[in-house]
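Participant: Need the 3D shape of this:
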Amino acid sequence: MMFPAVAVTMLSLLSVGLSAPVIDCKNLTRPIEIENREQLLGKWTALAESTNMPGSQQLTKLLVGNSWVNVNVTNDVDVLEFVQYQKLMGACYSIRVNMTLANNTLSSGTPLMMRDTLLSTSCPDCLVVYAESPTTSSVLTGLQFLSKRRTVTDAEMEEFKKQVQCLGLPAPAVLNTETALCPEDSQSQETQTTDLTDTFKTMGDDIMRAMDEFLTSGSGIKDLIKLISSNVFEKN
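Facilitator: You can find the predicted model right below:
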């Protein structure tokens, strides 16, 4: 009767060894304390991101070359200036947003309504930002991985992907940080930066409502992806 018992024990150990590793979602999604604004200052390169917007991963891969943000102080000790630069289909764009730091949360009202909290990460020079942005019909949520470095280790990226999984978000889009960033790596005419801050500020409620409905519409995003893909294909 010993053999069946040994066999059952071995099979149990084998099944444990082959099962998926347990992900500690409680710690991976734990908000951290922002001790002072100095820890947020400087240049941060966006490495990967995921949102609950339909088709966001594919849209990011099609449109976004790379992205980074510069965080600066303002005259108000509780307010930080975020200047985000993005390379979209080869062109450079920027937007400036002032965010108020209070109770370990960063929030903004215009031109984009957003509420950000930082999540725990073992990466020593990284930020994992959980963002919530209300729309007319729902709330867009997302997770962004930023670092002082242009690249991180496989283990650090894997940890971020587990955080995305814990939050029930789609697989993240990983950005190509090896290409020239806007605008500092190139001063050519084609990479001059267009500032979109005033454009967003002057948008009326009707336009913002239409944008919200479009961004949260799966069919609308799919049509946009098809249009962009066909144009890229024709150019190539």
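Participant: quick one, strands of this structure?
Facilitator: Counting by DSSP state E, one finds strands in the chain at the ranges 42-51, 64-73, 79-88, 91-102, 105-108, 114-119, 126-134, 139-147, 173-174, 193-195.
Participant: Okay, now the unreliable bits of the chain?
Facilitator: Screening the chain residue by residue with the criterion pLDDT under 70, one finds the ranges 1-22, 110-111, 136-137, 184-191, 203-236.
Participant: Just give me the residue right at the centre of it.
Facilitator: In the chain, the C-alpha closest to the average C-alpha coordinate belongs to residue 144, at a distance of 2.6 Å (CA atoms, centre = their mean).
Participant: and that one, what is it in contact with?
Facilitator: Listed by CB atoms under 8 Å, 6 or more residues apart in numbering, the contact set of residue 144 reads 46, 48, 49, 127, 128, 129, 131. Using the backbone N, CA and C atoms, a C-beta is placed for each residue, glycine as well.
Participant: give me that answer again for 6 Å
Facilitator: Contacts here follow CB atoms under 6 Å, 6 or more residues apart in numbering; on that basis residue 144 touches 49, 129.
Participant: Which residues does it form beta bridges with?
Facilitator: When bridges are assigned using DSSP bridges, the partners listed for residue 144 are residue 49, residue 129.
Participant: One more: residue 85?
Facilitator: residue 68, residue 94.
Participant: Not counting sequence-adjacent ones, nearest residue to residue 60?
Facilitator: Across the structure, with CB to CB, 6 or more residues apart in numbering as the measure, the residue nearest residue 60 apart from its sequence neighbours is residue 173 (3.9 Å).
Participant: partners of the one you found in the sheet?
Facilitator: Taking DSSP bridges, one obtains residue 49 as the residues bridged to residue 173.
Participant: Distance to residue 28 added to the strands of the chain, as JSON lines?
Facilitator: Formatted as JSON lines, the entries for the strands of the chain read as follows, by distance: least, CB to CB, whole Å:
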{"stretch": "strand 42-51", "distance to residue 28": "14"}
{"stretch": "strand 64-73", "distance to residue 28": "23"}
{"stretch": "strand 79-88", "distance to residue 28": "25"}
{"stretch": "strand 91-102", "distance to residue 28": "23"}
{"stretch": "strand 105-108", "distance to residue 28": "19"}
{"stretch": "strand 114-119", "distance to residue 28": "7"}
{"stretch": "strand 126-134", "distance to residue 28": "9"}
{"stretch": "strand 139-147", "distance to residue 28": "11"}
{"stretch": "strand 173-174", "distance to residue 28": "18"}
{"stretch": "strand 193-195", "distance to residue 28": "35"}
